[in-house]
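A.B. asks: when you get a sec, could you give me coordinates for this:
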Amino acid sequence: MKQSKWNILSNVCIAEKVWKMVLRGDTTAMQPGQFVEIAVPGYYLRRPISVCDIQDDCLTIIYKTVGHGTDLMARMQPGETLDILSCLGHGYDLRKAGDEVLVVGGGVGVPPLIYLAKQLRAQGKHVHAVLGFNTEKEVFAEEMFASLGCKVEVCTMDGSYGRRGVVTDLIAKPAPFYYACGPLPMLRAIAETVGTNGQMSMEERMGCGVGICVGCSIETKKGVRRVCKEGPVFDAEELIW
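C.D. replies: Predicted coordinates:
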């Protein structure tokens, strides 16, 4: 864990209620699947946001405005600074992947998979990205995966963009080793229909974000685990649905 000040370079809306912010700071040791905790002025608890991409000393995050804190973040301008705790959590294990890899994201679960896909492609892996959203207005990041050389497929629940349906409709069986991030119903559906040959990043409300308050604990086959500390990434086979 590292605490430091970060400079905002840009902050733009890229989809309905979805914003992309680029910051400059100390990016050393950040891994795919980890997250940062952002102090928002006027609010006691920090906001946990996943690492979307790292380029030299720049960190990209993609977040959704879901409350007063993230609404305030969306109004921040280049030149402002943020106090951030970085290098938090247990990220994805790239050593588990074979030559063919599947990454599956739903909604704001998509961002951490971008940096993951970037690292997998750098290792020469063939990456198939399956992205799910509710409607066309919420779709983002398709071009980011495509620019990395990934095969990209998008589905929406209402059929307004890509294929109508859910992410499991786009996953061939048997599937290669997968990495997934998204809402709990999506992750459960993947485990039930595709299997547990993968790793999942769990979404859970966090308090401290560093393992002290145990407010984000979940029950697993290995016992009670803190999503912020032992997670957010877990082997799918150890999760209890």
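A.B. asks: hang on, Pro112 in a helix?
C.D. replies: Yes: the assignment for Pro112 is a helix, going by DSSP: H, G, I helix; E, B strand; the rest coil.
A.B. asks: counting contacts, what elements does the longest strand belonging to the chain pack onto?
C.D. replies: Longest strand of the chain, by residue count under DSSP state E: strand 2-15. For strand 2-15, the elements it packs on are strand 18-24, strand 58-64, helix 68-74, strand 81-88, judged by 3 or more C-beta pairs under 8 Å, 6 or more residues apart in numbering; DSSP states H and E. Using the backbone N, CA and C atoms, a C-beta is placed for each residue, glycine as well.
A.B. asks: is the residue nearest to Gly182 when sequence neighbours are not counted bridged to anything, and to what?
C.D. replies: Nearest non-adjacent residue to Gly182, counting by C-beta to C-beta, 6 or more residues apart in numbering: Gly106, 2.8 Å away. Assessed by DSSP bridges, Gly106 has beta-bridge partners Gly132.
A.B. asks: for Gly106, what are its contacts?
C.D. replies: Contacts for Gly106 (C-beta atoms under 8 Å, 6 or more residues apart in numbering) come out as 131-133, 167, 181-183, 186.
A.B. asks: tell me the one among those residues nearest to Cys150.
C.D. replies: Here the nearest of the contacts of Gly106 to Cys150, counting by C-beta to C-beta, is Leu131; it sits at 10.3 Å.
A.B. asks: the closest one and Ala141 touch, don't they?
C.D. replies: Yes: contact criterion C-beta atoms under 8 Å: Leu131 and Ala141 qualify, at 6.7 Å.
A.B. asks: what do those two both touch?
C.D. replies: Joint contacts of Leu131 and Ala141 (C-beta under 8 Å, 6+ apart) are 105, 110.
A.B. asks: quick revisit: so which of the helices and strands packed on strand 2-15 is nearest Gly231?
C.D. replies: Using C-beta to C-beta, the helices and strands packed on strand 2-15 put strand 81-88 closest to Gly231, at 10.4 Å.
A.B. asks: for Pro176, see how far away the closest residue to Met21 other than its chain neighbours is.
C.D. replies: Spatial nearest neighbour of Met21, excluding adjacent residues (C-beta to C-beta, 6+ apart): Asn11 at 4.5 Å. Asn11 is 36 Å from Pro176, where distance means C-beta to C-beta, to the nearest Å.
A.B. asks: spatially nearest residue to the residue nearest the centre of the chain (excluding sequence neighbours)?
C.D. replies: Nearest residue to the geometric centre of the chain (C-alpha atoms, centre = their mean): Pro112, 3.0 Å. Nearest residue to Pro112, sequence neighbours excluded (C-beta to C-beta, 6+ apart): Ser50, at 4.0 Å.
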